[in-house]
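Engineer: What follows is a predicted structure for the sequence shown.
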Amino acid sequence: MSTPAAQHGPGQAPADGIAARARGLTKAYGSGETTVLALDSVDADIARGRFTAVMGPSGSGKSTLMHCLAGLDTVSAGQVWLGDTEITGLKDRELTRLRRDRIGFMFQSFNLIPTLTAAENITLPMDIAGKKPDEKWLDQVIDTLGLRDRLKHRPSQLSGGQQQRVACARALASRPELIFADEPTGNLDSRAGLEVLGFLREAVDQLGQTVVMVTHDPGAAAHSDLVLFLADGRIVDRMQQPTAEAVLERMKRFDVSRAAFDGGETPAGDVNLDKD
Ligand SMILES: Nc1ncnc2c1ncn2[C@@H]1O[C@H](COP(=O)(O)OP(=O)(O)OP(=O)(O)O)[C@@H](O)[C@H]1O
């Protein structure tokens with residue numbers, strides 16, 4: 001599914017159908033003996049109009065990968081494209097504009113403004129950008145998310161699930177090229193979590209959006225089209241059309257290899273450490 005890095009010069013457009021692309025993406029924190037290699041030469045393609053989940057043990061680099069793909073963090077080496085724009089090397093101001101205009105974000109903690117109504121929260125990023133929302137699209141998003149009768153409520157008057165639906169509508173409002181969701185169900189009970197996952201699925205299937213979701217939950221990952229598994233800063237496996245059971249089984253193998261490693265033994269041997 002990937003094209004060798006050598007085929008891409010700086011700023012050269014990636015092929016159609018790819019919403020975001022990373023080549024040789026490397027991120028190190030700190031320096032000298034305390035250096036942590038959070039991402040180790042990652043190659044990844046995020047397919048347009050698809051729902052991609054990112055999973056892996058704690059500290060494997062999931063958030064760092066998302067932050068680097070979204071232009072929220074600088075990279076140590078390698079290249080990242082959003083659509084046909086190479087974002088590695090862009091200046092802060094250009095990155096801010098790119099994130100505002102082309103990317104939607106959802107976080108575990110909703111990040112809504114408490115003094116604003118649901119409607120105001122949904123359009124806030126566009127208001128800040130001085131852009132008028134496409135009313136037809138916005139109506140469709142609000143109806144798809146079942147928020148029509150909650151628009152005048154403030155976040156404190158909404159349940160967690162409703163607040164996350166508002167955050168989802170905010171992410172969708174500008175019809176972004178890519179939505180990044182970082183543990184979007186982490187603060188929700190299982191029923192509200194399922195609802196939000198269902199809406200993300202609908203955003204992909206019915207509204208044609210592209211979603212990348214970081215999660216620890218195999219059940220949540222099962223709503224995606226493709227799971228990327230990270231371990232020690234590398235993509236070590238991919239699973240198409242995942243089921244919760246298959247994802248859980250795959251995650252257990254990380255535990256086995258980690259336990260063996262911690263015990264000073266050779267890892268179980270069934271973990272696929274091949275990149276791409
Ligand atoms: N700002 C930072 N400074 C130093 N090290 C960092 C920083 N951010 C992340 N790291 C390290 O980089 C590695 C990857 O972190 P990251 O948060 O991407 O992992 P993760 O898979 O998202 O973890 P979790 O599932 O626990 O959220 C970890 O070893 C972490 O300690």
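Structural biologist: Arrived safely.
Engineer: list the contacts for the nearest residue to Gln164 once chain neighbours are set aside?
Structural biologist: The spatial neighbour of Gln164 that comes closest, neighbours along the chain excluded (CB to CB, 6 or more residues apart in numbering), is Val196 at 5.0 Å. Just so you know, the C-beta spots here come from the backbone N, C-alpha and C atoms, and that holds for glycine as well. Taking CB atoms under 8 Å, 6 or more residues apart in numbering, we find Val196 in contact with Gly161, Gln164, Arg165, Cys168, Pro184, Thr185, Leu188.
Engineer: among those, which one has the lowest pLDDT?
Structural biologist: Minimum pLDDT across those is recorded for Leu188, with 85.
Engineer: what about it, neighbour count?
Structural biologist: 21 (other CB atoms under 10 Å).
Engineer: Could you measure from it over to Gly56?
Structural biologist: According to CB to CB, to the nearest Å, Leu188 stands 21 Å off from Gly56.
Engineer: Can you report how many residues lie near Gln157?
Structural biologist: Neighbours of Gln157 under the rule other CB under 10 Å: 12.
Engineer: What of Phe107?
Structural biologist: Phe107: 16 surrounding residues under other CB under 10 Å.
Engineer: Ignoring the adjacent residues along the chain, who's closest to it?
Structural biologist: By the measure of CB to CB, 6+ apart, the closest residue to Phe107 outside its immediate chain neighbours is Asp182, 5.3 Å from it.
Engineer: contacting residues for that neighbour?
Structural biologist: Here Asp182 is in contact with Ser63, Met66, Phe105, Met106, Phe107, Gln108, Met213, Val214 (CB under 8 Å, 6+ apart).
Engineer: among the residues you listed, who's most crowded?
Structural biologist: Compared across these, Met213 has the highest neighbour count, 27 neighbours, by other CB under 10 Å.
Engineer: Tell me who's in contact with it.
Structural biologist: Taking CB under 8 Å, 6+ apart as the test, what Met213 contacts is Phe51, Thr52, Ala53, Val54, Phe180, Ala181, Asp182, Pro184, Leu200, Ala220, Ala221, Ser224.
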